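Trainee: Mind looking at a prediction? Sequence and model below.
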Amino acid sequence: MNKDVLLELSKNLNTEYEIGIWSETTDFFERQDNIADFSVKYDDGQYNIVIKLKDFNLNAAKTIFASLVRFIEYKSTFYVREDKKDSFVYYLLSSTDSKKAFLFYVVIQ
């Protein structure tokens with residue numbers, strides 16, 4: 001699967017803003033020792049998240065992302081990772097059987 005397929009899937013789901021997703025995500029990041037800074041914003045059907053790690057490396061990025069997924073996911077979850085020069089980018093789509101969903105665009109630096 002690539003990001004285009006994942007984004008196409010999201011069009012058939014209800015990815016409207018949900019205060020619970022925003023607040024749970026923010027709460028999760030505030031409790032992580034390895035995060036120097038973060039932001040969570042919602043725009044046009046997706047949550048845009050930027051995470052700045054204290055020690056940037058692939059293993060730390062994978063660990064924080066996997067922890068986030070376990071904490072916040074619904075029943076069905078898909079994601080795609082793109083490795084950039086100075087960041088790792090994740091597209092995360094998670095949904096319920098009733099088509100309630102959230103789409104995360106996560107940049108880890």
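Mentor: Everything's here; your move.
Trainee: Check the average confidence over stretch 52-70, would you?
Mentor: Taken as a whole, stretch 52-70 has a mean pLDDT of 96.
Trainee: do the same with stretch 96-109
Mentor: Across stretch 96-109, pLDDT averages out at 97.
Trainee: What is the neighbour count of Val69?
Mentor: 16 (other C-beta atoms under 10 Å). Using the backbone N, CA and C atoms, a C-beta is placed for each residue, glycine as well.
Trainee: which stretch of helix or strand covers it?
Mentor: Taking DSSP states H and E as the definition, Val69 sits inside helix 58-72.
Trainee: Could you list the residues in contact with that helix?
Mentor: 21, 24-25, 28, 32, 34-35, 51, 53, 77, 79, 81, 83, 88, 90, 92, 94, 102, 106, 108 (C-beta atoms under 8 Å, 6 or more residues apart in numbering).
Trainee: could you flag which of those residues are buried?
Mentor: 21, 25, 28, 32, 35, 51, 53, 79, 81, 88, 90, 92, 94, 102, 106, 108 (16 or more other C-beta atoms under 10 Å).
Trainee: So Ser94 is in contact with Lys100, correct?
Mentor: No: Ser94 is beyond contact range of Lys100, at 9.6 Å (criterion: C-beta atoms under 8 Å).
Trainee: intersection of neighbour lists for the two?
Mentor: Common neighbours of Ser94 and Lys100, using C-beta under 8 Å, 6+ apart, are Tyr74.
Trainee: Return the distance of the helix holding Val69 from the chain's centre.
Mentor: How far helix 58-72 lies from its chain's middle: 9 Å, per C-alpha atoms, centre = their mean, to the nearest Å.
Trainee: Ok, stretch 30-42 next?
Mentor: So, by C-alpha atoms, centre = their mean, the centroid of stretch 30-42 is 12 Å from its chain's centroid.
Trainee: can you check stretch 32-44 too?
Mentor: 10 Å.
Trainee: what residue of the chain is the furthest out?
Mentor: Ser98 (20.4 Å; C-alpha atoms, centre = their mean).
Trainee: where's it relative to Tyr17, distance?
Mentor: 17 Å (C-beta to C-beta, to the nearest Å).
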